[in-house]
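A.B. asks: next one to model:
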Amino acid sequence: MTKEGTMIQKEETMMSGAFTQKYAGSMRARSAAIHATGQRLAVLAVATLATFAAHAFLEKATPESQGMASAAIEKYIDACETQLDGMHSFVLVRHGKIVAEGYWAPFSADRTHLLYSHSKSFTSTAAGFLLDEKKLDLDERLVDIFPEYAPKNPSRNMSEMRVRDLLTMNAGQDKEAHYNDPAGDWVKAFMENSTPRLPGSGFWYDSCATHIVAAIVEKKTGKKLMDFLQEKLFSKLGIEGAWSNTSPTGIACGGWGMNMKTRDLVKFGLLYLNEGEWNGERILSRDWVRLATSKQTATDRKGDGDWCQGYGFQFWRCRHNCYRADGAFGQYTVVMPDKDAVISITAGLSDMVKELQLVWDYLLPAMKDEPLPENPGASAALEKRCNELAFQPVRRLVASTAPLAGEKGLGARFALEGEQKRFFFKEVSLTKKGEGWEISLVDECGPQKIPVGLEKWEYGEIEVSKCKYEAIGSLPGVQHTAASGEWIAPDTFYAKMFLVDTPWWFGFTFKFNDNGTLDFTYRIFGWGGHDSKLSGKRL
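C.D. replies: Below is the predicted model of the structure:
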């Protein structure tokens, strides 16, 4: 490893494991920009009496009053910070009360977060409403629901495919159909896709199958999925600001693409914990909740871990008689019926197994059957800790008095050359701006400017993809950023940039050489994450 690589690795270790005081800067308001064809379906909850009741239902309480020691929750936070590389938030509910809640700045309570496959459980719930209203049957066949898409001579396997096969990941296909025509009609692609196995005969995780569930809901109701969920679910639980990316034909992605706040995720988990009741009102039938969250099929994993306990209707079974909604890079809502508890987590991390194990190791054993004696000192310490959670801004690794050879490259534009797997940056420059810096990039979307904070996270916006819809792993539209940077060597500047509504982050390294060239490296954490090492020539 090069000297610069060692310094960057050291810096990443410090940033992932060490956290500083709560960042006091103001958060940028979420942009109202809407994709042209991949329309974001903004859903704003109406301020009704039901909404106020929903907020009152989730009032805060001391952990001790709900049978948990504040110190035990602090130990859980310690473990998250030392053993995981990217917790963004958590909300922990016991007996219907919030006993702990934290957001690692620059992430915050008022921002929605990309859920990836956690979305599936919401899409499944929309189907559950239709089943409750007898507008959908689990044994309805796809060829009957979508006769306009059915092949003229469908295979036996396609002819036999039912709604329940979609919900249990037993569709019988072995390739996610939307990849066949990413810019086309994903329902058509699914119906025309090869179905080599008899539906219902075995588990194969297929996000496009959940997209078909979303399409079914939209066809049966005549409403967009998120509008239907707003009517049936969000407005009743007080969920505000939820939105979803869509397919090129305007259907909600269904199996991915939803965005919600962490508190709203825990409300969803609490609804399921209470078997479909919310604050005394029946929202979903008990029958649906029990079907959706019980083992309907074995999974394709071997062993006794949390991916081997079975799968319901878009919910994973867990050990300890628990179940979860589950999205890539650490998006979880874990329901613990035996403990009358729910935890929702957003993250951008690489070890989801460890993330779940920490819940079992630290929180589950701390949940006692009776209230504990109040401990004002411990509960106050926990609240303070939660309020001060933060990713540490990039640290300077050069003495403050040391000359910076790299400053001679500030303000210069460099044309980039070298292999890039995605995003394809063409030009870059680093400029001093106020107390911080500004990175200017030219990519396929044109010129981009990223504010970079000194000893703080500076907020901005960037667009890295021309894609107008969210195929799995893409980043369509405007992304909100929070970046921090510093000199890590006399000739080397490093900046880290979070996409603060997603699990993604970028690391940018500028090494300014004596001959006037630039070694530019960017690291991506996200779908298809990788390092790209490029050379830059002055323009």
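A.B. asks: longest strand in this structure, please.
C.D. replies: Ranked by residue count under DSSP state E, the longest strand found in the chain is strand 479-489.
A.B. asks: packing partners of it?
C.D. replies: Packing partners of strand 479-489 (3 or more CB pairs under 8 Å, 6 or more residues apart in numbering; DSSP states H and E): helix 3-17, strand 436-443, strand 446-452, strand 458-462, strand 492-499. C-betas here are computed from N, CA, C, even on glycine.
A.B. asks: any idea which of those scores lowest on pLDDT?
C.D. replies: Set side by side, those give their lowest mean pLDDT on helix 3-17, at a mean of 46.
A.B. asks: per-domain residue ranges of this structure.
C.D. replies: 114-260, 405-538 (automatic domain parsing).
A.B. asks: first vs last residue of the longest one, how far apart are they?
C.D. replies: Across domain 114-260, the terminal residues are separated by 7 Å (CA to CA, to the nearest Å).
A.B. asks: what does the last one give?
C.D. replies: Taking CA to CA, the first and last residues of domain 405-538 lie 16 Å apart.
A.B. asks: the stretch 51-200 of the chain: strands as residue ranges?
C.D. replies: For the stretch 51-200 of the chain, the strands defined by DSSP state E, counting those that start in this stretch cover 87-94, 97-103, 113-114.
A.B. asks: just send those back as a markdown table, with mean neighbour count, distance to residue 404 and mean pLDDT too.
C.D. replies: As requested, these are exported to a markdown table (neighbours: other CB atoms under 10 Å; distance: least, CB to CB, whole Å; pLDDT from 0 to 100):
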| stretch | mean neighbour count | distance to residue 404 | mean pLDDT |
| --- | --- | --- | --- |
| strand 87-94 | 26 | 33 | 98 |
| strand 97-103 | 22 | 34 | 98 |
| strand 113-114 | 26 | 37 | 98 |
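A.B. asks: in JSON lines, list those strands along with distance to residue 385.
C.D. replies: Listed next are those as JSON lines, based on distance: least, CB to CB, whole Å:
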{"stretch": "strand 87-94", "distance to residue 385": "12"}
{"stretch": "strand 97-103", "distance to residue 385": "8"}
{"stretch": "strand 113-114", "distance to residue 385": "21"}
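A.B. asks: for residue 498, find the nearest of these.
C.D. replies: strand 87-94 (8.8 Å; CB to CB).
A.B. asks: CA atoms only: put the closest one into PDB for me.
C.D. replies: In PDB, the C-alpha atoms belonging to strand 87-94 read as follows (Å, rounded to 0.1, in the frame of the first residue of the first chain):
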ATOM      1  CA  MET A  87     -24.700   3.600  11.400                       C
ATOM      2  CA  HIS A  88     -26.900   6.600  10.300                       C
ATOM      3  CA  SER A  89     -29.800   6.400  12.800                       C
ATOM      4  CA  PHE A  90     -31.800   4.200  15.100                       C
ATOM      5  CA  VAL A  91     -35.100   4.500  16.900                       C
ATOM      6  CA  LEU A  92     -35.900   2.000  19.700                       C
ATOM      7  CA  VAL A  93     -39.400   1.500  21.000                       C
ATOM      8  CA  ARG A  94     -40.500  -0.600  24.000                       C
END
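A.B. asks: given it, what are its sheet partners and their directions?
C.D. replies: Using DSSP bridges, the strands paired with strand 87-94 are strand 97-103 (antiparallel), strand 341-347 (antiparallel).
A.B. asks: reformat those strands into JSON lines and put distance to residue 148 next to each item.
C.D. replies: Output for these, formatted as JSON lines (distance: least, CB to CB, whole Å):
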{"stretch": "strand 97-103", "distance to residue 148": "46"}
{"stretch": "strand 341-347", "distance to residue 148": "38"}
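A.B. asks: report the buried residues of stretch 237-252.
C.D. replies: By neighbour count, with 16 or more other CB atoms under 10 Å as the criterion, the buried positions of stretch 237-252 are 237-248, 251-252.
A.B. asks: which among the residues you listed gets closest to residue 148?
C.D. replies: residue 251 (14.0 Å).
A.B. asks: wait, doesn't the closest one sit right on residue 215?
C.D. replies: Yes - judged on CB atoms under 8 Å, residue 251 makes contact with residue 215 at a distance of 5.1 Å.
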